[in-house]
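Asker: no sequence for this one, just the structure:
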Ligand SMILES: Cc1cc2nc3c(=O)[nH]c(=O)nc-3n(C[C@H](O)[C@H](O)[C@H](O)COP(=O)(O)O)c2cc1C
């Protein structure tokens, strides 16, 4: 059997890419949101809906979900880049990332975003420690549709998001390489 190089393995693993979702959490009046591309359906039994998501331990959301056992997973529309930028690149430890993002408290008290395709309110049923992250397995306790429909047949992936942003890349000259 041929030995695969890391980049070949990565190309194979990319077939497992999940859609980009927004995860919200709340603890003691502090609300937060983050972006994840590691969420998957975690049940084959329609009567027991479950989802799982890997959250890095250095994320503020990790603390909130780990300590409360609650989170809300939002399926997004294909054009919610501003929300992805807002929630996915800075930490809520320093500022309230949901300020100005329309939302309301869900049945678990965790923020539910108004603008999404659908949301799943989850109560953590179990966790798996991966070392750098925790996989949160959540029982879905409430579901709702968002304000707008998702364009059919398209799933936004992290790679697609990166490709969109690549058009904005401007050449930067590293200071050490500048001519005197
Ligand atoms: C496209 C995309 C996918 C991401 N996927 C994950 C993920 O699956 N798990 C994770 O822990 N962080 C993921 N992140 C990073 C977090 O969203 C990011 O670290 C965020 O700032 C965490 O915010 P917090 O510290 O307020 O929780 C992703 C970010 C982007 C933009």
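Answerer: Yes, it's here. Computed from a predicted structure; not experimentally measured. Numbering: from 1, shown residues only.

Asker: next one: phi and psi at residue 86?
Answerer: For residue 86, the backbone dihedrals are phi -70, psi -40 (criterion: degrees, to the nearest 10).

Asker: doesn't residue 96 make contact with it?
Answerer: No: taking contacts as Cβ atoms under 8 Å, residue 86 lies outside contact range of residue 96: 10.9 Å. Every C-beta, even on glycine, is put in place using the N, C-alpha and C of the backbone.

Asker: which one of the two has more residues nearby?
Answerer: Using other Cβ atoms under 10 Å as the criterion, residue 86 and residue 96 rank with residue 86 on top: 18 against 12.

Asker: contacting residues for the more buried one?
Answerer: 33, 97, 101 (Cβ atoms under 8 Å, 6 or more residues apart in numbering).

Asker: From those residues, pick the one nearest residue 75.
Answerer: residue 33 (14.1 Å; Cβ to Cβ).

Asker: quick one: pLDDT of the closest one?
Answerer: Note for residue 33: predicted pLDDT of 98.

Asker: The most centrally placed residue in the chain bridge partners, please.
Answerer: The residue lying closest to the centre of the chain (Cα atoms, centre = their mean) is residue 36, at 2.1 Å. Per DSSP bridges, the residues bridged to residue 36 are residue 21.

Asker: can you start the count at 53 instead of 1 from here on
Answerer: Noted, 53 is the first residue going forward, which turns the last one into residue 88.
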